[in-house]
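In: please find the sequence and the predicted model below.
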Amino acid sequence: MGTQIFEGFLRFANVYQYLFLLILSHPFKKLLQDDKARYLKIGQIDEEVRLFYEEKSAVTAYKDK
């Protein structure tokens, strides 16, 4: 009985983990592309990506440096 409950918990945890990764995969890819553009100079900087909820003016100030 105890092992069945434990196995059920593990299956629930796996499903939850996959859903979490699926939800975060698009923003994570977008963040990686913007990071490559800013620091490796590969690609174009996306003005709409706000890292850590920064203001849009902070992005343009960083670009002007």
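Out: Great, that's in hand.
In: give me the number of residues near Asp35?
Out: Using other CB atoms under 10 Å, Asp35 is surrounded by 15 other residues. For glycine as for every other residue, the C-beta is placed from the backbone atoms N, C-alpha and C.
In: and the pLDDT for it?
Out: Looking at Asp35, its pLDDT is 83.
In: what's the helix or strand for it?
Out: According to DSSP states H and E, Asp35 maps onto helix 2-35.
In: residues of that helix that come out buried?
Out: Neighbour-count burial for helix 2-35 flags 33-34 (criterion: 16 or more other CB atoms under 10 Å).
In: so which elements touch it?
Out: Where contact means 3 or more CB pairs under 8 Å, 6 or more residues apart in numbering; DSSP states H and E, helix 2-35 is not packed against any helix or strand.
In: low-scoring pLDDT stretches of the chain, where are they?
Out: Applying pLDDT under 70 to the chain flags residues 50-65.
In: mind checking how far the residue most central in space within it is from Glu48?
Out: Relative to the mean C-alpha position of the chain, the nearest C-alpha, by CA atoms, centre = their mean, is the one of Phe28, at 2.7 Å. Distance of Phe28 to Glu48, given as CB to CB, to the nearest Å: 16 Å.
In: again with Tyr18
Out: Tyr18 is 28 Å from Glu48, by CB to CB.
In: likewise Phe12?
Out: Look at Phe12 and Glu48: by CB to CB, they are 36 Å apart.
In: follow-up on the earlier one: for the residue nearest to the centre of the chain, give its distance to Leu21.
Out: For Phe28, the distance to Leu21 equals 9 Å [CB to CB].
In: one more: Leu32?
Out: Distance from Leu32 to Leu21, counting by CB to CB: 14 Å.
In: please apply the same query to Leu31.
Out: 14 Å.
In: equivalent analysis for Lys30, please.
Out: Computed as CB to CB, the Lys30 to Leu21 distance reads 15 Å.
In: what do you get for Asp46?
Out: Distance of Asp46 to Leu21, given as CB to CB: 22 Å.
In: now swap in Thr3 and tell me
Out: Separation of Thr3 from Leu21 (CB to CB) stands at 27 Å.
In: this completes my enquiry, with thanks.
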